[in-house]
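K.L.:
Any chance you can model this:
(one chain, ligands or ions: 1)
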Amino acid sequence: MAKQIVMLGPPGAGKGTQAKRLSEKLGIPHVSSGDIFRENLREQTELGKRAEVYVNRGELVPDDLTIAMIRERISRPDCDDGVLLDGFPRTAPQAEALDDMLEALDKGQVDAVPCIVLPDEVLIERLTGRRTCRAQGHIFHITFNPPKEAGICDFDGSELYQRQDDTVETVTNRIRVYLEQTQPLIDYYQQRGVLLEVDGDQSIDMVFDEIISVLVGVQGA
Ligand code: AMP
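P.N.:
Residues are numbered from 1 along each chain as shown. Next up is the predicted model:
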């Protein structure tokens, strides 16, 4: 099956959940740019401090910072047999930088780009209801996946909070940014014949099955 995979989809499409499952199934690392930024923010690393203002506003972190971070990550030996990228690339210059990186590292090309598609109003409802646990980042939803006790994590009893970038204003901004910045990227992969559209408005299991079935159809599978 395809090994250099880029997952696309707007914030709230369930892309992270699907990417995690897919990486387990294929035995390749799940590299999420958003997770790496959040980890660096928490640890207040140099990268974290430079990215903080953009992440908290729901704006894209500048390409040079983001590209260098991903280059470092995919150069590690655990990515030798492939990688599942989630959240990167987000812009056409990032996609071009990824092509150059893969070539320089002798890893071939991006060979499949599953793209989850969902209406905006569904995305907003999903994201603004999301609550995250302070201790370990477990995720709940006030309507679709509520904790047993409101505001408390089922797994470790820590407080559930709304991520600063899950408020209505920031969510709306993130969706706008996604559409503006990512459409050229969708066009880019479509022209190369590697874009695989997947309907995101169905259960997690059904979305996963659809992703697997479109990937199986990819040459080199
Ligand atoms: P996510 O969890 O993927 O929605 O990412 C959270 C935030 O991290 C985004 O709103 C951006 O501020 C930043 N970020 C993640 N990936 C990228 C990227 N590829 N380019 C620029 N900024 C990014």
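
K.L.:
For residue 206, give me the pLDDT.
P.N.:
Note for residue 206: predicted pLDDT of 95.

K.L.:
For it, grab phi and psi.
P.N.:
Residue 206 adopts backbone torsions of phi -70, psi -40, taken as degrees, to the nearest 10.

K.L.:
Can you tell me which residue of this structure sits closest to the ligand?
P.N.:
Taking Cβ to the nearest ligand atom, the ligand has its nearest neighbour within the chain at residue 34, 2.2 Å off. From N, CA and C alone the C-beta is placed, and that goes for glycine too.

K.L.:
Can you tell me the element that residue falls in?
P.N.:
Applying DSSP states H and E as the criterion places residue 34 in helix 33-42.

K.L.:
Show me what that helix is packed up against.
P.N.:
helix 46-57, helix 63-74, strand 83-86 (3 or more Cβ pairs under 8 Å, 6 or more residues apart in numbering; DSSP states H and E).

K.L.:
could you redo the last one with a cut-off of 7 Å?
P.N.:
helix 46-57, helix 63-74 (3 or more Cβ pairs under 7 Å, 6 or more residues apart in numbering; DSSP states H and E).

K.L.:
and the angle for that helix with helix 46-57?
P.N.:
110 degrees (axes from the mean of the first three to the mean of the last three Cα atoms, to 10 degrees).

K.L.:
Now do the buried residues in helix 33-42.
P.N.:
Buried residues in helix 33-42, defined by neighbour count with 16 or more other Cβ atoms under 10 Å: 33-34, 36-38, 40-41.

K.L.:
would you turn the helices and strands packed on helix 33-42 into CSV with distance to the ligand?
P.N.:
Formatted as CSV, the helices and strands packed on helix 33-42 follow (distance: least, Cβ to the nearest ligand atom, whole Å):
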stretch, distance to the ligand
helix 46-57, 4
helix 63-74, 4
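
K.L.:
Single out the most deeply packed of those.
P.N.:
Among those, ranked by average contacts under mean count of other Cβ atoms under 10 Å, first place goes to helix 63-74 (a mean of 17).

K.L.:
So what's the gap between the biggest helix by length in the chain and the chain middle?
P.N.:
Counting by DSSP state H, the longest helix found in the chain is helix 168-191. Taking Cα atoms, centre = their mean, to the nearest Å, one finds the center of helix 168-191 at 12 Å from the center of the full chain.

K.L.:
Need the three-state assignment for residue 90.
P.N.:
Here residue 90 is coil, with the state taken from DSSP: H, G, I helix; E, B strand; the rest coil.

K.L.:
That one contacts residue 181, doesn't it?
P.N.:
Yes. With contacts counted by Cβ atoms under 7 Å, residue 90 reaches residue 181, the gap being 5.7 Å.

K.L.:
More neighbours: those two, which one.
P.N.:
residue 90 (20 against 16; other Cβ atoms under 10 Å).

K.L.:
Give me the phi and psi angles of that one.
P.N.:
phi -120, psi -20.

K.L.:
tell me the pLDDT at the closest residue to residue 165 other than its chain neighbours?
P.N.:
Sequence neighbours aside, residue 58 is the residue nearest to residue 165 in space, at 5.0 Å (criterion: Cβ to Cβ, 6 or more residues apart in numbering). pLDDT for residue 58: 79.
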